[in-house]
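*Asks:* Sharing a model prediction with you, sequence too.
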Amino acid sequence: MTEQKLAKDLSSVSNEPKADEMEIDLMDILRKIIAIRKTLYKAVGIGLVIGIIVALSIPKKYTVEVTLSPEMGHSKGNSGLASMAASFLGAGTGMSGDGVDALNASLSPEIVSSTPFLLELLSMSVPSGGEESEKIDLGSYLDSQSSPWWSYVMGLPGMAISGVRALFADEDESDGLRNNKFGTIELTKEEDEKITSLKKNITAVMDKKTAITNVSVTLQDPKVAAVVADSVVHKLQEYITGYRTFKAKEDCAYLEKLFKERREEYYAAQKKYAEYVDTHDNLILLSVRAEQERLQNDMSLAYQVYSQVANQFQVAQAKVQEEKPVFAVVEPAVVPQQSSGTSRKMYVIVFVFLSVATVIGWKLFGEEFWDKLRREFV
């Protein structure tokens, strides 16, 4: 018992200096911070000025989000309008349509970020920011957007290099979108920069579970952002509708052509039969009757083919309408009242905090470490 008590006393005595030492260290740090309070006041002022400059230099941006609930691609047989047409026109006249659509609303993010889609957006009209009646294309609006002053400073070397290259460039160089003979798209440097900017500011995200698609557009003008978001949604609907109805429209066009050809063949056979009957009405020769029966059979056969093609053509027309997807706009494009992204107050707070933290770190640790390092190497 005596040895255990002695060990506890020794351990308590050994722990007391550590606690006192830690308390002394914390008090020492607090005294050092109080001692440099004037320097900290200056750091707060400097951080405040830098934060205000940065906050005012970064332009405001506004985000508009549109929520869609599209009809997803699904396996189809003779359903909907096509099945109704087939049931009225007779069995076996429906067109085969089993399988899943090759392209449906699940590819909305890829469509919105594709180069052809964004190139079409560059030519759309948007409000110019002046009078309501004045409009400019989206490409010109992107040129008029403001940027932080340091982006111009960092871009000076590139501008100088571009200016030098322009002096030696050929005058007949193409400047604009070109589809060359290989089917690829050739862009100018300005178009490529605009496309890259649109890919960052226009996004589409689809929830695979609910099939809800959110289209987001971020620009510096709230009205322009709303107009572009609405146009993106409509153009996306057109793209998906065009892809899904492409095969059905091709089948419909082919059957329409076939329908007209079979109709002309039937009319010709009908006319030939009628003319022969009119000219040989009073004759009862077997050869005349045989020729009349042959012409009548040709006319009946032409009518059967014509009737079948007509039925298939009507089913194909119904299938084109059936293939069109349905889009429900859950949340339309609304002009935002408040800017998105980091607020200006947050920029000021962050820079003030960084300034104070830098001064404290330097005065408490950095300055002493620098003195030791300098004494070792000097």
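*Replies:* Nice, I can see it.
*Asks:* Strands of the stretch 151-300 of the chain, start to end?
*Replies:* 178-179, 185-186, 202-206, 213-219 (DSSP state E, counting those that start in this stretch).
*Asks:* wait, Ile33 sits on Thr39?
*Replies:* No: Ile33 is beyond contact range of Thr39, at 10.0 Å (criterion: CB atoms under 8 Å). Any C-beta I mention is one placed from the backbone N, CA and C, and that applies to glycine too.
*Asks:* so which of the strands of the stretch 151-300 of the chain comes closest to Val66?
*Replies:* Among these, strand 213-219 comes nearest to Val66, with 4.6 Å by CB to CB.
*Asks:* Distance of Arg294 relative to Val288?
*Replies:* Going from Arg294 to Val288 by CB to CB, to the nearest Å gives 11 Å.
*Asks:* between those two, who's got more neighbours?
*Replies:* Ranked by neighbour count (other CB atoms under 10 Å), Arg294 and Val288 place Val288 first, with 16 against 12.
*Asks:* and the more buried one, what does it touch?
*Replies:* His280 (CB atoms under 8 Å, 6 or more residues apart in numbering).
*Asks:* could you measure it against Ala269, distance?
*Replies:* As judged by CB to CB, Val288 and Ala269 stand 18 Å apart.
*Asks:* Can you tell me the closest non-neighbouring residue to the residue nearest the centre of the chain?
*Replies:* Taking CA atoms, centre = their mean, the centroid of the chain lies closest to Val112, which sits 2.8 Å from it. Sequence neighbours aside, Ala204 is the residue nearest to Val112 in space, at 4.1 Å (criterion: CB to CB, 6 or more residues apart in numbering).
*Asks:* just Leu198 next, same as before
*Replies:* Leu118 (4.8 Å).
*Asks:* about what we covered before: give me the neighbour count for the residue nearest to Val112.
*Replies:* By the criterion of other CB under 10 Å, Ala204 has 22 neighbours.
*Asks:* Just the buried positions in stretch 277-296, please.
*Replies:* Within stretch 277-296, the residues scored as buried using 16 or more other CB atoms under 10 Å are Val288, Gln292, Leu295.
*Asks:* likewise stretch 346-362?
*Replies:* Tyr347, Val348, Phe351, Val352, Ser355, Val356, Val359, Ile360, Trp362.
*Asks:* Tabulate those in CSV, adding columns for pLDDT and secondary structure.
*Replies:* What follows is the buried residues of stretch 346-362, written out as CSV (pLDDT from 0 to 100; DSSP: H, G, I helix; E, B strand; the rest coil):
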residue, pLDDT, secondary structure
Tyr347, 86, helix
Val348, 89, helix
Phe351, 89, helix
Val352, 91, helix
Ser355, 90, helix
Val356, 89, helix
Val359, 87, helix
Ile360, 87, helix
Trp362, 85, helix
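*Asks:* Tell me the one of these nearest Thr213?
*Replies:* Using CB to CB, Tyr347 is the member of the buried residues of stretch 346-362 that lies nearest Thr213, at 32.8 Å.
*Asks:* quick one: the closest one from Ile52, how far?
*Replies:* Taken as CB to CB, the span from Tyr347 to Ile52 is 8 Å.
*Asks:* Repeat that for Ser140.
*Replies:* 32 Å.
*Asks:* Who is the residue nearest to Val112 paired with across the strands?
*Replies:* Ala204 has the following beta-bridge partners by DSSP bridges: Val215.
*Asks:* which residues in the protein form helices?
*Replies:* For the chain, the helices defined by DSSP state H cover 2-35, 37-57, 80-89, 108-112, 115-122, 138-144, 149-168, 189-201, 222-279, 286-323, 344-361, 367-377.
*Asks:* quick one, which of those is nearest to Gln338?
*Replies:* With CB to CB as the measure, helix 222-279 is the member of these nearest Gln338 (9.1 Å).
*Asks:* for the record, mean pLDDT for that closest one?
*Replies:* Helix 222-279 shows a mean pLDDT of 88.
*Asks:* Regarding this protein, what is its longest strand?
*Replies:* strand 62-70 (DSSP state E).
*Asks:* which residues are in contact with it?
*Replies:* 104-105, 108, 210-222, 225-226, 228-230, 232-233, 240, 325-336, 338-341.
*Asks:* Least confident of the helices of the chain, on average?
*Replies:* Sorting those by mean pLDDT places helix 80-89 lowest, at a mean of 45.
*Asks:* any idea how far Val227 is from the residue nearest to the centre of the chain?
*Replies:* Taking CB to CB, one finds Val112 at 16 Å from Val227.
*Asks:* same check, this time on Gln308
*Replies:* Taken as CB to CB, the span from Gln308 to Val227 is 50 Å.
*Asks:* With neighbour numbers in mind, choose between these two.
*Replies:* More crowded of Gln308 and Val227, by other CB under 10 Å: Val227, with 22 against 16.
*Asks:* Can you name the residues that contact that one?
*Replies:* Contacts for Val227 (CB under 8 Å, 6+ apart) come out as Val126, Pro127, Ala333.
*Asks:* mind listing what's buried in stretch 311-327?
*Replies:* Residues of stretch 311-327 classed as buried: 311-320, 322-323, 325, 327 (neighbour count, 16+ other CB under 10 Å).
*Asks:* ok, those residues vs Glu376, which is closest?
*Replies:* Closest to Glu376 out of those is Phe327 (71.3 Å), distances taken as CB to CB.
*Asks:* Model confidence for the closest one, exactly?
*Replies:* Phe327 is given a pLDDT of 76.
*Asks:* hang on, isn't Ser125 packed against Ser140?
*Replies:* No: shown here, Ser125 and Ser140 do not form a contact pair, counting by CB under 8 Å, at 10.0 Å.
*Asks:* Now list whatever residues contact both of these two.
*Replies:* Counting by CB under 8 Å, 6+ apart, nothing touches both Ser125 and Ser140.
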